[in-house]
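**Student:** mind folding the following:
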Amino acid sequence: MIKRYQHTQIGYLTIIALAIALFFIAYLVAVYGFNWIAFAVLIILGVCLVLFATLTVVIEEDVLEIRFGPGAIRKKFLLKDIESCQVMKNPWYYGWGIRLTPHGWLYNVSGSYAVQVKMRTGKKYQIGTDVPNELEKVIRQSIESTAR
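**Tutor:** Predicted coordinates for the structure are as follows:
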């Protein structure tokens, strides 16, 4: 497959927050001794750190794909099924991760900007990005070239 576009956004604040929490829990374990609950929290925080540190957007031939971290969590969209896209600025309280908002599902690791893709079915998805205008332009061009 030919890659038209690939961009990875790093969620620095997510990494810092999870790392601080990991070190704090590890410190508590070191001071107070082993605890199964603390151990479980360490594992969960470590997994979240690996899974949600980055968000990569890839456009290949006829597919738009987004994937968190190493790619265990991903979502694919056929370009032919995308009706339109637009840049959006979300309020801070929409947060990060994967969540349902009034504007559709949001996939985000950092910041408040996203590109909303509207599917021909009417469903809407938002892809968080630190380069919203660039991503919107590439998606538009990809939709147009796929429609030909």
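**Student:** check the burial of residue 99 by counting its neighbours.
**Tutor:** 12 (other CB atoms under 10 Å). Bear in mind the C-beta positions are built from the backbone N, C-alpha and C, glycine included.
**Student:** which residues touch it?
**Tutor:** By CB atoms under 8 Å, 6 or more residues apart in numbering, the residues touching residue 99 are 105, 106.
**Student:** all helices for the chain, in order.
**Tutor:** Applying DSSP state H to the chain gives helices spanning 12-32, 36-52, 132-147.
**Student:** care to break this structure down by domain?
**Tutor:** 3-8+57-147, 10-50 (automatic domain parsing).
**Student:** circling back: which of the helices of the chain is buried the deepest?
**Tutor:** Neighbour counts (mean count of other CB atoms under 10 Å) averaged over each of the helices of the chain peak at helix 132-147, with a mean of 16.
**Student:** same for that one, what does it pack against?
**Tutor:** strand 3-10, strand 54-60, strand 82-89, strand 113-119 (3 or more CB pairs under 8 Å, 6 or more residues apart in numbering; DSSP states H and E).
**Student:** now these in CSV, with distance to residue 47, mean pLDDT and mean neighbour count?
**Tutor:** Converted to CSV, the helices and strands packed on helix 132-147 look like this (distance: least, CB to CB, whole Å; pLDDT from 0 to 100; neighbours: other CB atoms under 10 Å):
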stretch, distance to residue 47, mean pLDDT, mean neighbour count
strand 3-10, 18, 91, 14
strand 54-60, 14, 96, 20
strand 82-89, 29, 96, 16
strand 113-119, 24, 97, 21
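**Student:** gap between the closest residue to residue 108 other than its chain neighbours and residue 115?
**Tutor:** Spatial nearest neighbour of residue 108, chain neighbours left out: residue 128 (2.9 Å); criterion: CB to CB, 6 or more residues apart in numbering. Per CB to CB, to the nearest Å, residue 128 is found 9 Å from residue 115.
**Student:** report the set of residues contacting both of these two.
**Tutor:** Counting by CB under 8 Å, 6+ apart, residue 128 and residue 115 have no contacts in common.
**Student:** so, low pLDDT: which residues of the chain?
**Tutor:** Screening the chain residue by residue with the criterion pLDDT under 70, one finds the ranges 1-3, 148.
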